[in-house]
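Asks: Build me a structure from this.
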Amino acid sequence: QVDVAESGGGMVQAGGSLRLSCKASRPTFSSNYISWGWFRQASGKEREFVAVISGYAEYSDSVKGRFIISRDAVKNTVYLQMNSLKPEDTAVYYCATVVRDTTGWRNAGANWGQGTQVTVSS
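Replies: Just a heads-up that it's a prediction; the model follows:
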């Protein structure tokens with residue numbers, strides 16, 4: 001289990017940008033066998049996959065072309081650059097180490113961090 005601390009959320013108008021950060025409790029980013037992902041959960045909805053970075057990056061259709069996931073192995077941090085934000089991007093954003101199964105990407109651990117709130121106004 002790798003503990004994480006998400007930050008960088010806030011309130012922004014539609015069309016704006018935010019960069020989220022996810023600091024890991026211990027070094028993991030030097031390993032290509034560990035994938036990191038971002039998920040989000042809007043009020044009243046289930047948590048959904050947003051993006052993953054492994055040896056490559058993958059995005060949900062809803063954010064493709066607008067969001068960019070990256071990582072800094074030295075800082076043990078993974079980022080989510082969010083551009084052209086829309087009101088439907090409003091959610092609490094979470095990061096985690098991830099694995100892929102038949103249903104898609106999921107949290108590889110048992111717990112989630114506290115997340116960071118992103119609110120996009122129209």
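
Asks: Please name the bridge partners of the residue nearest the centre of the chain.
Replies: The centre of the chain sits closest to Trp38, judged by Cα atoms, centre = their mean, with a distance of 2.1 Å. Trp38 has the following beta-bridge partners by DSSP bridges: Ala51, Cys95.

Asks: How about the contacts made by it?
Replies: Shown in contact with Trp38 (Cβ atoms under 8 Å, 6 or more residues apart in numbering): 20, 22, 50-52, 69, 78, 80, 93-95. C-beta coordinates here come from the backbone N, C-alpha and C atoms, glycine included.

Asks: how about low-confidence regions in this structure?
Replies: Across the chain, residues meeting the criterion (pLDDT under 70) sit at 28-32.

Asks: Which parts of it are strands?
Replies: Assigned by DSSP state E, the strands in the chain fall at 4-7, 10-13, 18-24, 35-41, 48-53, 57-59, 67-72, 77-82, 91-101, 104-107, 116-121.

Asks: Drop anything exposed from the contacts of Trp38.
Replies: Buried members of these, scored by 16 or more other Cβ atoms under 10 Å, are 20, 22, 50-52, 69, 78, 80, 93-95.
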